[in-house]
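only geometry, no sequence info:
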Ligand code: HEM
């Protein structure tokens with residue numbers, strides 16, 4: 001009897017092994033038809049990046065992508081990854097309503113963002129996206145212009161103390177301004193990060209991104225068990241408690257105040273600081289919840305945390321690159337200034353209205369060209385949930401598809417002289433006829449960025465404040481800047497500028 005059982009177990013183990021091996025064999029055979037560097041068993045191509053300095057990684061990926069242009073493969077240990085850079089090939093993935101599942105690497109964001117809009121997939125993502133889309137309606141964004149302006153004014157006042165022609169890193173100033181903006185618009189709460197630089201919450205937002213990156217770059221921290229026990233993991237979870245504790249508290253307070261209002265308690269038109277009350281994304285989500293579309297506290301927290309994550313680093317680097325590029329191109333900076341003078345001629349100190357922001361046509365072209373050359377999110381990744389044919393190759397299910405937004409924006413077939421900064425590329429007649437996936441800083445298709453209009457309005461407001469008040473110069477040459485593309489694309493050594501008052 002024992003022999004029969006043992007035989008059966010052995011047969012099952014053999015059959016399962018045969019299926020796994022044949023699947024791996026097929027995967028390996030298909031993937032290795034694509035060009036790419038020599039891969040070694042188990043390690044794949046990781047040997048090429050393991051000892052690479054952080055600031056050299058982008059240059060390395062750039063060389064590799066150009067060498068095998070327009071498509072190549074690499075192996076992250078046993079995991080195959082296909083790199084896609086041509087707009088026509090990006091379209092195949094991004095436009096698909098099937099290929100909407102994020103790559104496994106996004107699981108590093110799970111402890112922080114849970115299964116929110118950025119990381120979820122399938123029916124959960126569909127229903128969330130439908131629910132959240134109205135929160136980004138134009139009328140809601142209109143109510144945020146005042147917030148953008150209020151925070152930008154604080155920024156300009158702080159920068160006045162630095163505008164002595166000496167160089168300094170403007171990046172932390174812009175980060176704190178963007179943090180103030182997203183806190184107020186997402187949660188309706190003011191942390192005043194710009195004055196309160198020592199706040200636990202502000203430090204936690206900073207640290208959590210840094211610790212997430214440290215984990216991604218350290219293969220020995222991949223396992224949750226090991227990570228939790230490591231010093232990096234312990235620090236990570238301490239910071240996570242601060243972040244989640246804060247958002248949880250804000251959600252509870254908002255819910256309570258809505259309950260009080262329903263119970264007949266009259267809410268004043270003004271908040272504790274004497275400012276007119278504004279609607280935040282969280283209010284919109286709570287409204288949806290009261291309309292019967294149930295979102296648990298956990299769901300609300302995931303979405304608020306996702307806005308906090310996606311909504312400040314991305315715009316910070318976006319604005320930083322505009323300042324760097326304008327520092328290198330004083331002629332373009334003067335054209336932007338002339339446009340701003342034209343708009344605000346009656347009162348140089350006036351806060352912008354939505355109409356003013358819409359009139360900043362040239363600044364918008366500058367922002368777009370800057371996002372072309374330096375897209376805030378240079379690479380995104382999906383998991384192939386089915387076989388897919390690209391450039392004559394069959395890419396099997398379960399492969400990681402890494403989409404190089406950075407390289408699509410430099411494809412010489414679509415962008416003549418791709419390295420040249422030229423905002424006129426976005427003149428209406430030059431945009432016409434361009435491939436729809438040649439320019440995708442906000443991704444494209446069904447999983448594009450829900451916050452893109454918000455981002456451009458915020459950037460226009462803050463940049464217009466800075467440029468109305470200061471002339472910006474840069475110190476380092478563009479070609480000497482080393483980039484890092486961890487979560488967002490930024491200059492490794494900060495954004496060093498000189499400001500002089502206008
Ligand atoms: C210049 C600024 C920004 C850039 C360049 C940018 C870029 C992107 C990109 C490339 C994606 C796709 C990510 C992926 O597929 O992995 C994305 C998704 C997303 N972005 Fe943005 N983003 C910006 C600002 C914002 C802001 C301000 C918010 C919120 C207030 C926001 C919220 C989101 C969300 C929630 C998603 C996930 C959408 C979904 O999957 O349905 N983003 N963004």
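Okay, I see it. Please read all numbers here as calculations on a predicted model, not as lab measurements.

next helix or strand past the longest helix seen in the chain?
Looking across the chain with DSSP state H, the single longest helix is helix 231-262. Using DSSP states H and E, the helix or strand that directly follows helix 231-262 along the chain is helix 281-290.

wait, does that next one contact the ligand?
No - shown here: helix 281-290 not in contact with the ligand (CB under 6 Å from any ligand atom), separated by at least 7.3 Å. Quick note: C-beta positions are derived from backbone N, CA and C, even for glycine.

quick one: that helix to chain centroid distance?
How far helix 281-290 lies from its chain's middle: 24 Å, per CA atoms, centre = their mean, to the nearest Å.

before we move on, what about stretch 473-481?
24 Å.

what lies in contact with it?
With contact meaning CB atoms under 8 Å, 6 or more residues apart in numbering, stretch 473-481 is reached by 167, 323-325, 327-328, 491-493, 496-500.

please name the nearest non-neighbouring residue to the residue of the chain at minimum distance from the ligand.
Using CB to the nearest ligand atom, residue 451 is the residue of the chain that sits closest to the ligand, at 2.3 Å. Distance criterion CB to CB, 6 or more residues apart in numbering; nearest residue to residue 451, sequence neighbours excluded, is residue 311 at 5.8 Å.

surely the one you found meets residue 184?
No - if you go by CB atoms under 8 Å, residue 311 and residue 184 don't touch, sitting 11.1 Å apart.

and the chain, which of its residues are near the ligand?
Going by CB under 6 Å from any ligand atom, the residues of the chain near the ligand are 102, 117-118, 129, 306-307, 310-311, 314-315, 318, 376-377, 380, 441-443, 447, 449-451, 454-455.

so which of the residues you listed are in strands?
Among the residues of the chain next to the ligand, DSSP state E puts residue 380 in strands.

hmm, which of the residues of the chain next to the ligand are the buried ones?
By neighbour count, with 16 or more other CB atoms under 10 Å, the residues of the chain next to the ligand hold 102, 117-118, 306-307, 310-311, 314-315, 318, 376-377, 380, 441-443, 447, 449-451, 454-455 as buried.

narrow those to those in helices?
Per DSSP H, these map to helices at 306, 307, 310, 314, 315, 318, 454, 455.

can I get those in TSV with pLDDT?
Compiled in TSV, those are given as follows (pLDDT from 0 to 100):
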residue	pLDDT
306	93
307	92
310	90
314	95
315	97
318	98
454	96
455	97
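
related to what we said a few turns ago, the residue of the chain closest to the ligand touches residue 140, doesn't it?
No - applying CB under 8 Å as the test, residue 451 and residue 140 come out as separate, 11.6 Å apart.

in the longest helix of the chain, what's buried?
233, 236, 239-240, 242-244, 246-247, 250-251, 254-255, 258.

so which of those is the closest to residue 194?
residue 246 (17.4 Å; CB to CB).

state the distance from the closest one to residue 200.
In this view, residue 246 and residue 200 are 8 Å apart by CB to CB, to the nearest Å.

how about the strands in the stretch 351-500 of the chain?
Remark: strands assigned in the stretch 351-500 of the chain by DSSP state E, counting those that start in this stretch are 379-383, 388-390, 393-395, 400-404, 470-474, 483-486, 488-491, 496-501.

pLDDT-wise, which helix or strand of the protein ranks last?
helix 2-31 (a mean of 80; mean pLDDT, DSSP states H and E).

how far does that helix sit from the chain's center?
That offset, for helix 2-31, works out to 41 Å (CA atoms, centre = their mean).

packing partners for it?
strand 79-84, strand 393-395 (3 or more CB pairs under 8 Å, 6 or more residues apart in numbering; DSSP states H and E).

mean pLDDT, distance to residue 224 and mean neighbour count for the ones you listed - can I get that in JSON lines?
Below are the helices and strands packed on helix 2-31 laid out as JSON lines (pLDDT from 0 to 100; distance: least, CB to CB, whole Å; neighbours: other CB atoms under 10 Å):
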{"stretch": "strand 79-84", "mean pLDDT": "94", "distance to residue 224": "17", "mean neighbour count": "23"}
{"stretch": "strand 393-395", "mean pLDDT": "96", "distance to residue 224": "29", "mean neighbour count": "19"}
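
same list (the ones you listed) but as TSV, adding distance to residue 338.
Output for the helices and strands packed on helix 2-31, formatted as TSV (distance: least, CB to CB, whole Å):
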stretch	distance to residue 338
strand 79-84	40
strand 393-395	49
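
rewinding a little: hey, least reliable of the strands of the stretch 351-500 of the chain by pLDDT?
Note on the strands of the stretch 351-500 of the chain: lowest mean pLDDT is at strand 483-486, with a mean of 86.
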